[in-house]
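> here's a sequence, model it:
(chains A, B, C and D)
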2 protein chains.
Amino acid sequence: MPVPKGASLDPAQTRATILRAATTLLYERGLDGVGVAELCARVGASKETLYRHFGSKDGLVEAVLEARSDHVVRWLREAAAGAGDEPADQLAAVFDALGSWYAEPAFRGCAIVNASTQWHEGPPRAVAARHLDRHLELLTDIARRAGARAPEALGRQLLMLVEGATVLADHHGEGEAARLAKQAALALLREAR
Amino acid sequence: MPVPKGASLDPAQTRATILRAATTLLYERGLDGVGVAELCARVGASKETLYRHFGSKDGLVEAVLEARSDHVVRWLREAAAGAGDEPADQLAAVFDALGSWYAEPAFRGCAIVNASTQWHEGPPRAVAARHLDRHLELLTDIARRAGARAPEALGRQLLMLVEGATVLADHHGEGEAARLAKQAALALLREAR
DNA sequence: CCATCATCGAACTGGTCGGTTCGATGAGGA
DNA sequence: TCCTCATCGAACCGACCAGTTCGATGATGG
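Modelled structure (predicted):
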């Protein structure tokens, strides 16, 4: 986004532009793999602008992760909601959505979980915990509506499949991960009734 | 390990000492969270010694991850082997072993998978891929001996539960992860016959 | 007894990175 | 018209870090 010298854009828009570019670059190359200078160059913003909007690199990272979590959660909820009322269909739709994510060339695992493995305290950790909680909420809800005897437990088991499939898709590359995870998830759903 | 000034220890022992201390410290604080200088101080070795043995920090990290993978894989294989001949018992034993790992206060997820999320190419990535392959081999073997119709697929599904449980145990802290994963794994094993 | 060699400890180098500052520029509103 | 303010671009700073070098030390083996 080329911003001319003295442009007074909507500050919110500037912020959003930086956030968008930073999200992509930080995901591609890792949070420590790209410095503030390069980030600014790519984004088309000066350091001063970046620091005024986000305070610090950590602040930017946190904002990126928050936004990413919001986006992913909304996307999965919509996938489930678009699959009708049957809990099993919704669960299948969640894993199908994951499958299309895994198939993206730029897929590099879950940015949020990846980030939280680097720092075992601090904001990224908190973002990750909330992120997983929101996933858990979605899956537990499906489990409950499917009539599971122990929906909380099943929700956690399904979440393990989601996170495990993400790890495997990242490392073993294959597109099978989502299909296998879906099959396992539906089996667990069936048996937990 | 206090090594006196001009001590000529067995070089292999020096190497092992450095490796052991580095493994602990790098796991506790993250691969980027501790510098070579601090590493040397903790280890009780000089930089020169460390660089003669490992060539670079990356070399040390790679050696640490390799050793860690060997150790973990051996440990899980022994857990399985010590549980008798029944595949289901062996599978249960694997998850019980994971449970005692998760319960360690210093537990911070799988060091190898954590490392590989930081660099999407290079040696750590290769170590992680082989690490997961070895896990997969163990689980597929159990699946095969349990008479699964599709042991390769079931092996992958079980591996997802292992990795997912590790992520959840790291983030949600609870000791339930291993128990729930075990329950799910046994259900899948039962149903895949 | 001497030569070799692993080792220490400390200083040093070169580079990178996060963050700050400043003068210049120009858009928008009063 | 003029003031305010977001912005750029570039220089700058201090900290840290990986890696190198060197003199001193002492154990080991011939």
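> CA atoms for contacts and neighbours, from now on please.
Will do.
> quick one: secondary structure of A:Leu136?
With DSSP: H, G, I helix; E, B strand; the rest coil as the basis, A:Leu136 sits in helix.
> how close does it sit to B:Ala67?
The spacing between A:Leu136 and B:Ala67, counted by C-alpha to C-alpha, to the nearest Å, is 34 Å.
> neighbour count for the two, which is higher?
Higher neighbour count among A:Leu136 and B:Ala67: A:Leu136, with 20 against 14, using other C-alpha atoms under 10 Å in any protein chain shown.
> look up the pLDDT of the more buried one for me, please.
The model reports A:Leu136 with a pLDDT of 98.
> from what I can see it touches A:Gln157, true?
No: between A:Leu136 and A:Gln157 no contact is recorded; they are 9.4 Å apart, counting by C-alpha atoms under 8 Å.
> after the longest helix seen in chain A, next one along is what?
Criterion DSSP state H: the longest helix present in chain A is helix A:57-81. Scanning forward in sequence from helix A:57-81 by DSSP states H and E, the next helix or strand is helix A:87-102.
> the helix or strand containing A:Thr14 vs helix A:57-81, what angle?
A:Thr14 belongs to helix A:11-29 when assigned by DSSP H and E. Per axes from the mean of the first three to the mean of the last three C-alpha atoms, to 10 degrees, the angle that helix A:11-29 makes with helix A:57-81 is 90 degrees.
> lowest mean pLDDT among the helices and strands of chain A, which one is it?
One helix or strand of chain A scores below all others by mean pLDDT, DSSP states H and E: helix A:11-29, with a mean of 91.
> low-scoring stretches of chain A, by residue?
Across chain A, the ranges flagged by pLDDT under 70 are A:1-11, A:174.
> let's see that with 50 instead.
Along chain A, the parts satisfying pLDDT under 50 run over A:1-2.
> which parts of it sit against chain B?
Contact residues, chain A versus chain B (C-alpha under 8 Å from any C-alpha of the partner chain): A:29-30, A:108-109, A:114, A:117-120, A:128-129, A:153, A:156-157, A:159-165, A:167-168, A:171-172, A:177, A:180-181, A:184, A:187-188, A:191.
> can you tell me the SS state at A:Glu104?
coil.
> list the contacts for it?
A:Glu104 sits next to no residue when contact means C-alpha atoms under 8 Å, 6 or more residues apart in numbering or on different chains.
> report all helices and strands that the least confident helix or strand of chain A contacts.
Here helix A:11-29 touches helix A:36-43, helix A:57-81, going by 3 or more C-alpha pairs under 8 Å, 6 or more residues apart in numbering or on different chains; DSSP states H and E.
> take the ones you listed and lay them out in a markdown table including distance to DNA strand D.
Shown next, in a markdown table, are these (distance: least, C-alpha to the nearest atom of the strand, whole Å):
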| stretch | distance to DNA strand D |
| --- | --- |
| helix A:36-43 | 7 |
| helix A:57-81 | 13 |
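> okay, the ones you listed, which one's buried deepest?
helix A:57-81 (a mean of 18; mean count of other C-alpha atoms under 10 Å in any protein chain shown).
> what does it contact?
A:19, A:22-23, A:31, A:36, A:51, A:54, A:89-91, A:93-94, A:97, A:111-112, A:123-124, A:127, A:131, A:134-135, A:138.
> and the least confident helix or strand of chain A, how far from the chain's centre?
15 Å (C-alpha atoms, centre = their mean, to the nearest Å).
> go through it and flag the buried ones.
Neighbour counts using 16 or more other C-alpha atoms under 10 Å in any protein chain shown place A:14-15, A:17-19, A:21-23, A:25-28 of helix A:11-29 among the buried residues.
> out of these, flag the one nearest to chain B.
Of all the buried residues of helix A:11-29, chain B sits closest to A:Glu28, with 8.8 Å by C-alpha to the nearest C-alpha.
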